[in-house]
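>>> Sequence below, structure please.
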Amino acid sequence: MAPNYMKQTAFAPFVRIQRDWFWDLAYSDSFRNEGTLHLFSFTALFALARFRAGQAKISGREYAVEPGQHVGRISFLRRALRACSKEEALSVLDSFRGAGLLEYSPAGGDPGVLRLEIPGWKRWCEHPGYNYYSRTGSGFFFFPVEAGKRLLLETGKRGRLLFSELDAVVDLWIHTVLDDPSVRGSRSMPVVYYSGLDGSPLLSCSYLADRWGWSKMAAGRFLAKLEREGVICRLLFSGKLGTVLSPAAYRETLWEGCRGDCRVRRTGEILGTVRSVYPGPVPDTFLAEIRDGGIRVFPGASHAKKRPLAEWTAPADEAPDAGLPRVPDTDTEEGSEHE
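Predicted coordinates for the structure are as follows:
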């Protein structure tokens, strides 16, 4: 059953993330995961968590897994978290546990197999008000904004807050807004918006650099890199007003069952990216909303030239094999280990 609406508001308590998109991001070697926040790794735990109770079969042994839990080898988790070593993976898990965001212990007395449990997972993810749920290993999963804020707060207490490139990609996705009357332009296309900007989706490299703990030059290079990879589109405005960022194929990624409706309504990503619903000029409705806010539009808009990141919609047999985890397609499928 398809979701009964297609929107993402600025103050929603959770965001939807497509598992295929997320793991394809993890497969990509285009982005590094070197930082102090570990937002990407934390989000990976929600991608791995089971939606319903089931069994995990590892090396011929079965483990009962409850909703909000994951059972897997440390080597498997190292790849899922994009850690360089098992020791680093355990250090990241310890930081989450110290922040009260995770509990973990050896599963069945085997020190090489861990049982992870996200406290509050049921409250955050089990009844989010949708009539469309996600099975383990397929569809989308929910990431609670409250958990992300707690991670930011606790990491900041320990020292410098530094996003990795993967953290920054997830941060942009989490803060994407669609069809929110309080955010200008979002009724026409998905835009990245952070609270406290008075409804304007315009962002500057300085703002993002301060948020991510980077230099202004590094933030500018990263945005250009995202555009080259087909992850985002940038819409430039005159003077020093800033840039509007729009994730490529946002609707198609989240509501793949509604692609036909998107085509009919002509409201897909139309900033010129490949595989967008209607490549072409920026929609007049978007420009009208922006102009209503007293903003002059730069005559030319920047367009992404490449295909979306790793072509996540490609058939499974064409996907690159980088040794990262793939979760079973159904709750009844045995095993979550692909060593």
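>>> just the helices in the stretch 1-150 of the chain please.
In the stretch 1-150 of the chain, the helices defined using DSSP state H, counting those that start in this stretch lie at 19-27, 39-48, 74-80, 86-98, 121, 145-158.
>>> and these as JSON lines, adding mean neighbour count and mean pLDDT?
The way it works is simple: take the backbone N, C-alpha and C, and place the C-beta from them, glycine included. JSON lines is the format used below for these (neighbours: other Cβ atoms under 10 Å; pLDDT from 0 to 100):
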{"stretch": "helix 19-27", "mean neighbour count": "21", "mean pLDDT": "87"}
{"stretch": "helix 39-48", "mean neighbour count": "25", "mean pLDDT": "95"}
{"stretch": "helix 74-80", "mean neighbour count": "20", "mean pLDDT": "93"}
{"stretch": "helix 86-98", "mean neighbour count": "17", "mean pLDDT": "96"}
{"stretch": "helix 121", "mean neighbour count": "21", "mean pLDDT": "87"}
{"stretch": "helix 145-158", "mean neighbour count": "15", "mean pLDDT": "92"}
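>>> Need these in CSV (columns: distance to residue 232).
Putting the helices of the stretch 1-150 of the chain into CSV (distance: least, Cβ to Cβ, whole Å) gives the following:
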stretch, distance to residue 232
helix 19-27, 13
helix 39-48, 16
helix 74-80, 24
helix 86-98, 26
helix 121, 29
helix 145-158, 19
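>>> Tell me which of the ones you listed lies nearest to residue 65.
Taking Cβ to Cβ, helix 39-48 is the member of the helices of the stretch 1-150 of the chain nearest to residue 65, at 10.3 Å.
>>> Run the angle between that closest one and helix 86-98 for me.
Here helix 39-48 runs at 80 degrees with respect to helix 86-98, directions being taken by axes from the mean of the first three to the mean of the last three Cα atoms, to 10 degrees.
>>> who does helix 39-48 touch, helix- and strand-wise?
Under the contact criterion of 3 or more Cβ pairs under 8 Å, 6 or more residues apart in numbering; DSSP states H and E, helix 39-48 touches strand 14-18, helix 19-27, strand 69-73, helix 86-98, strand 140-144, helix 145-158, helix 165-174.
>>> all strands of the stretch 151-300 of the chain, in order?
Secondary structure of the stretch 151-300 of the chain (DSSP state E, counting those that start in this stretch): strands at 176-177, 191-192, 232-236, 243-247.
>>> can you redo those strands as JSON lines with mean pLDDT?
As requested, the strands of the stretch 151-300 of the chain are exported to JSON lines (pLDDT from 0 to 100):
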{"stretch": "strand 176-177", "mean pLDDT": "94"}
{"stretch": "strand 191-192", "mean pLDDT": "94"}
{"stretch": "strand 232-236", "mean pLDDT": "85"}
{"stretch": "strand 243-247", "mean pLDDT": "91"}
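>>> Let me have the ones you listed in a markdown table, adding distance to residue 144 and mean neighbour count as columns.
Shown next, in a markdown table, are the strands of the stretch 151-300 of the chain (distance: least, Cβ to Cβ, whole Å; neighbours: other Cβ atoms under 10 Å):
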| stretch | distance to residue 144 | mean neighbour count |
| --- | --- | --- |
| strand 176-177 | 16 | 22 |
| strand 191-192 | 19 | 25 |
| strand 232-236 | 23 | 22 |
| strand 243-247 | 20 | 25 |
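>>> got TSV for the ones you listed, with distance to residue 167 too?
Conversion of these to TSV gives the following (distance: least, Cβ to Cβ, whole Å):
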stretch	distance to residue 167
strand 176-177	15
strand 191-192	15
strand 232-236	15
strand 243-247	16
